[in-house]
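Asker: Sharing a model that was predicted from the sequence below.
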Amino acid sequence: MKQKIDNKVLITGIIVVGIILAIFIGGKYFGGYNPQNTITANGISSIKVTPDLVTIYLGIESKAGTSSEANDKATEIYSKLKTSLMDLGFAEEEIQTQSFNIYPNYDYSSGNPRITSYTASHSLKVEITTEETEKIAEIVDSSLTAGASIGSVNFELSMAKQNEAKAEAIKLAAEDAKLKAEALADGVGKKLGSLVSVSSSDFYYSPWNVYTSDSYGSTAVKEAVTSITPSEQEITASVNAVFKIR
């Protein structure tokens, strides 16, 4: 019985010593960090980047009495569209499907929903560089001739350029956060200490839309985009940083 009590005392002692060591080491490691002795600053940045990509979104829509007939019609248009685009130099894998759907259309006039037809909808996109904008007219003509529509045209950043811009914008936002923290510390008669934490709270980039279709088969897209030169677009970032003060 005495041996069991001694074991419990020993275990309790080890736990207590462990807690004391953890507090001591933790206090030393964090350098006496106290949330009340910190300054938080929000840094923001805005940079200009010229788009390097033109994305053209295409649509195929067909109606028929049955879902299989609607699908067959959409497939026929897609086949013509793919052939036309490949004739322009696009590889098959560059004609990217965004979505495909077949859904029923209802008549509600009698009070009870009644299926009247089916619609097959196929959404695709192709991309060219901003140095190839003269191809837009050819893409539009080929798409409309095949029976597809032009949904929209955007000037965008490629993923590589977007990542490059993101890194630069976040770096500048972090520098802005440190500058503000130093000013805050100086304003209250303190010195800025070491960094406690930092996080990127926001990064914003939006493609530049230069055309959105308002009617099926509209050729207005050619007039809307062929004469446009892509301008610089704004990219913003926001960073939150917490610093010690002393």
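Answerer: Received it, and whenever you're ready, just let me know what you need. On a predicted model such as this, the values are computed, not experimentally measured, just so you know.
Asker: so E93 sits in a strand?
Answerer: No. Assessed with DSSP: H, G, I helix; E, B strand; the rest coil, E93 is helix; it does not lie in a strand.
Asker: ok, E76 - how many residues close by?
Answerer: Number of residues near E76 (other C-beta atoms under 10 Å) recorded here: 14. C-betas here are computed from N, CA, C, even on glycine.
Asker: sorry, that was for I56
Answerer: I56: 23 neighbours (other C-beta under 10 Å).
Asker: From the contact counts, what lies against the strand or helix carrying it?
Answerer: Assessed by DSSP states H and E, I56 sits inside strand 53-64. Counting contacts by 3 or more C-beta pairs under 8 Å, 6 or more residues apart in numbering; DSSP states H and E, strand 53-64 packs against helix 67-87, strand 114-129, helix 136-146, strand 149-156.
Asker: how about 6 Å then?
Answerer: If you count contacts as 3 or more C-beta pairs under 6 Å, 6 or more residues apart in numbering; DSSP states H and E, strand 53-64 packs onto helix 67-87, strand 114-129, strand 149-156.
Asker: Generate JSON lines for those, with distance to A41 and mean pLDDT as supplementary columns.
Answerer: Converted to JSON lines, those look like this (distance: least, C-beta to C-beta, whole Å; pLDDT from 0 to 100):
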{"stretch": "helix 67-87", "distance to A41": "51", "mean pLDDT": "96"}
{"stretch": "strand 114-129", "distance to A41": "39", "mean pLDDT": "96"}
{"stretch": "strand 149-156", "distance to A41": "32", "mean pLDDT": "90"}
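Asker: Nothing else from me, thank you.
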